[in-house]
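S.K.: Pasting a predicted model and its sequence here:
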Amino acid sequence: MHKITHKRYKISCWIITEGIAGTENQCIGVTNALGLEPDIKRITLNEPWKSLSPYLGLEQKWSFNPALAPPWPNLLITSGRKSIAVARYIKKMSRQKTILVHIQDPRVSANKFDLVAVPEHDPLRGNNVIVTKGSPNKITPKGINNAKADFPALGSLRSPRIAVLIGGTSKAYRMTRSITEKLANNLSHLNESLNASLMITCSRRTGAENQAILETHLKNDANYFWDGQGKNPYLAMLGHADYILVSADSASMISESCTTGKPVYMIDLKGGSKRISTFHNNIMRHGALKPFNGTLKSFSYEPLNDAEMVAKEIKKRFGTLLGLTNS
């Protein structure tokens, strides 16, 4: 993984999202790479704006909850559909002075923003569009090392240590009982064939039945199975892992895993979509991801570095205006 150090800058920066962790973390990853300490705001739209298209440009000061007030930020980073209305409003109220950066395809003309960052699998292109391999994220060597120190017991598990990051059913995918049983058997085989230990985390989308299947097969003294209680060991698992297995449904977890530089294998689920399949194929062509078929081999690749890429583009385009240096 790249060694990254950041100078801290004193400019006004806001992050505005709908409060979804995945999109918010993408924005935070960029501000971390910029060396900024943002004011994070989670905004909802009041009626009737909540039911209207955010692309109409009809926002007023009473459209948002909580209300927004000046002084307006020098830099605003947004992500998510509902944040578009907020971004347009702040741009207008700041008399076009606030720099707008949007993470992910806004599904509206990119010219509404000063810069838009989209992953390679999204088709949006333009003079003010930067294309990343995956999703910007908060993964850095320092963050991972700090997390490892918070969970030293994971380092005592026998090697090789395999992080297993399981999402589950989504709009595009279904995690079925048969897939879960096959996965549990394959993971048990890794315990035996490699004398490996597993560090397993599930999500709400995994489903109680599927999680119970995994626990029955894999919750034992050789492995660590997070029960969802207490501090989240996710970053520490990435840090302590020799290999990472991650389910196909989560572009965010795949991007974060492939930022570590460690061998990453994808656990396939039932279903899919053209868009996310394109994402998988792009990351595989980069050499950072392989399909999991029950066996593991070490491999190396250039780690993803999307947050740094976006931060460098912001500094390149707006660094003088914002008082940032492109170092």
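M.R.: Now that the structure is in, tell me what you want to look at.
S.K.: Assign a three-state SS to residue 116, would you?
M.R.: With DSSP: H, G, I helix; E, B strand; the rest coil as the basis, residue 116 sits in strand.
S.K.: counting contacts, what elements does the helix or strand of the chain with the lowest mean pLDDT pack onto?
M.R.: Every helix and strand in the chain was compared by mean pLDDT, DSSP states H and E; the lowest is strand 64-65, with a mean of 76. Under the contact criterion of 3 or more C-beta pairs under 8 Å, 6 or more residues apart in numbering; DSSP states H and E, strand 64-65 touches strand 44-45, helix 83-93. C-betas here are computed from N, CA, C, even on glycine.
S.K.: So which residues of this structure form helices?
M.R.: In the chain, the segments counted as helices under DSSP state H are 21-34, 83-93, 141-150, 177-193, 208-218, 234-240, 251-258, 274-286, 306-322.
S.K.: Let me have those in TSV, adding mean neighbour count, distance to residue 112 and mean pLDDT as columns.
M.R.: What follows is those, written out as TSV (neighbours: other C-beta atoms under 10 Å; distance: least, C-beta to C-beta, whole Å; pLDDT from 0 to 100):
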stretch	mean neighbour count	distance to residue 112	mean pLDDT
helix 21-34	23	17	94
helix 83-93	21	6	91
helix 141-150	15	32	93
helix 177-193	16	41	97
helix 208-218	16	41	96
helix 234-240	23	34	97
helix 251-258	26	24	96
helix 274-286	16	22	96
helix 306-322	20	16	96
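S.K.: Turn these into TSV, columns for distance to residue 41.
M.R.: Converted to TSV, the helices of the chain look like this (distance: least, C-beta to C-beta, whole Å):
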stretch	distance to residue 41
helix 21-34	10
helix 83-93	8
helix 141-150	23
helix 177-193	38
helix 208-218	34
helix 234-240	24
helix 251-258	21
helix 274-286	29
helix 306-322	19
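S.K.: still on that earlier bit, describe which strands the least confident helix or strand of the chain pairs with in its sheet and in which direction.
M.R.: Take DSSP bridges as the rule and strand 64-65 pairs in its sheet with strand 44-45 (antiparallel).
S.K.: Cool, thanks, signing off.
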